[in-house]
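# Need a 3D model of the sequence below.
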Amino acid sequence: MKILIITNENTDGFIEDKWIAESFIGDGHEVKLVDKFYPESFDNEFDVFIKRNCWNDNEDDFIVGVDTDGFKKRLIQKKLPRINCDGKFDGKGKGYLADLYNKGYDVIPTVNNIIELDKLPKSKFYLLKPHNGLDGFGIKKVKKEEIKNLFTKDYVIQPLMEFVSEVQFYFVGNLFEYALEYIPSKLPNWPTPHEYKYLKEQIELAQKFANLSPNYNGVQRIDFIKLKNEELKLLEIEDSSPYLSLEDISKAKREKFLKDYKKMVYNYINNI
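Down below sits the predicted model:
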């Protein structure tokens, strides 16, 4: 089988994609790693297309006027075999957080209009988060009386919440693999994460969010903030090309992840 992995060699996550490539090569497959602007002619040469760490490091890396997601749209239009290209959440704006909050899910309280502002818990400060913001970029910390003048349809509104850490649960499709904790959080300093000893109700909660995309072809990372009382609130669902932090888990868990990842790809190919 010929496998094309769409990645970015200039990101920290590139080593992960090399490990994935080497694991497929070890099974006897031909693998090529390319960036998101690869020639369209490759669409006719490969059997499956894996979207991996092809995101940009920061806002300054974006090329104005260039459709950096064009390859994904093309693969979908051509109905080509693809992994992590059909996510329901990441890359489609943060509006889903408001939808999930309205439905009663354990999400950071979120609304996407001023009319529903009173649905949020009272807070000294609120956050205006860009719908399509990259990690922590573009967030505005404001008082309630400032929201009316600063809010546009390009933002969602959340109360500023105190939390002790960020916890991430990693899934291959809907199969749970491992969990990591960042203390106090990833941003702004990116501390080294450690493997997280989750509670039974916490893994059940993460699984509930992962199951919102049943039989998903790809990796899902379910991100939470952890409050002082150990309660988790959903921060976001990363189902596009999440960074896997494979360097920060045990060798046994990394090998299991790679084995399960390949099994997911093979099952997908065998059933299309």
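# and stretch 171-188, how far out from the chain's middle?
Put simply, stretch 171-188 sits 10 Å off its chain's centre (Cα atoms, centre = their mean, to the nearest Å).
# contacting residues around residue 30?
Taking Cβ atoms under 8 Å, 6 or more residues apart in numbering, we find residue 30 in contact with 1-3. Bear in mind the C-beta positions are built from the backbone N, C-alpha and C, glycine included.
# If we ignore the residues flanking it in sequence, what's nearest the residue nearest the centre of the chain?
The structure's the chain has its C-alpha centroid closest to residue 238; by Cα atoms, centre = their mean the separation is 1.8 Å. Sequence neighbours aside, residue 221 is the residue nearest to residue 238 in space, at 4.0 Å (criterion: Cβ to Cβ, 6 or more residues apart in numbering).
# Just among the contacts of residue 30, which is most surrounded?
Scoring the contacts of residue 30 on neighbours with other Cβ atoms under 10 Å, the highest-scoring entry is residue 3 at 23 neighbours.
# Could you look up the next helix or strand downstream of the helix or strand that one falls within?
Here residue 3 sits within strand 2-6, counting by DSSP states H and E. Reading on from strand 2-6 to the C-terminus, the next helix or strand found by DSSP H and E is helix 14-26.
# what distance separates stretch 239-252 from the middle of the whole chain?
12 Å.
# Pull out the buried residues from that stretch.
239-246, 249 (16 or more other Cβ atoms under 10 Å).
# My guess is residue 180 contacts residue 167. True?
Yes - with contacts counted by Cβ atoms under 8 Å, residue 180 reaches residue 167, the gap being 7.3 Å.
# more neighbours, the two?
Applying other Cβ under 10 Å to residue 180 and residue 167 shows that residue 167 carries more neighbours, namely 24 against 19.
# ok, now which ones touch that one?
Applying Cβ under 8 Å, 6+ apart, the residues near residue 167 are 179-182, 196, 198, 202, 223-226, 232.
# Name the spans of the chain whose pLDDT lies under the cut-off.
By pLDDT under 70, the low-scoring segments of the chain are 56-68, 134-136.
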